[in-house]
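**Q** What shape does this take:
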Amino acid sequence: MKRKHKTYSKPKRPFDKARIEEEAKIMEEFGLKNKREIWKADARIKEMREKAKKLISADAESQKKLFERLKKMGFNVNSIGNVLSLDKKDYLRRRLQTVLLDKRLAKSAKGARQLIVHRKALVDGKAIDSPSYIVPIELEDKIIIKMKKGKPKEKPAKTGEEEKENEGSS
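**A** Here you go, the predicted model:
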């Protein structure tokens, strides 16, 4: 089995107070489990920026392909400058956990995470169990929450008149 490489890198200065406070605010805002999720989002944005930098001197066709791919993911980009100005918060807003919260399908970010992990969130009819799933724009309107299977309805209690009718027929 081939070993997977890390999808993020740790900060160079682990005890930078300003960064720690900023990450704590982001964790609270987006209901993240740990700071590794922030670092992963940062790494993904960094990859997008690197691709955009390589395409600065490329033809308009390949630039347009990048813009289309990012628009499908939900990022509003029309130029290389827009791609370079993307932030980790932009990426975190596209996660399934945050989209559920924005659509008011969950009461809190932690509640949204709970629904996803317990496979109650359906995207286009498929149960997604990863809160970090990036929701494409075309599937954003196809997100639903599974409802609880209620107890079978009990028969209503018989009224006095119905009981008399049943006694008379026996």
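**Q** After the top helix by length along the chain, which helix or strand is next? Please name it.
**A** The longest helix of the chain (DSSP state H) is helix 35-54. Along the chain past helix 35-54, the next helix or strand (assigned with DSSP states H and E) turns out to be helix 60-73.
**Q** pLDDT averaged over that next one - what is it?
**A** Over the span of helix 60-73, the pLDDT mean works out to 93.
**Q** So for the residue nearest to residue 56 when sequence neighbours are not counted, what's the pLDDT?
**A** In this structure, residue 56 finds its nearest non-sequential neighbour in residue 80, 5.6 Å apart by C-beta to C-beta, 6 or more residues apart in numbering. All C-beta spots, glycine's among them, are computed from the backbone N, C-alpha and C. At residue 80 the predicted local distance difference test score is 93.
**Q** list the buried ones in stretch 107-127?
**A** Residues of stretch 107-127 classed as buried by neighbour count (16 or more other C-beta atoms under 10 Å): 109, 112, 113, 114, 115, 116, 120, 121, 123.
**Q** Identify those among those that sit within strands.
**A** 121, 123 (DSSP state E).
**Q** circling back to that earlier point, so the longest helix of the chain versus helix 60-73, what angle?
**A** For helix 35-54 and helix 60-73, the angle between their directions (axes from the mean of the first three to the mean of the last three C-alpha atoms, to 10 degrees) works out to 160 degrees.
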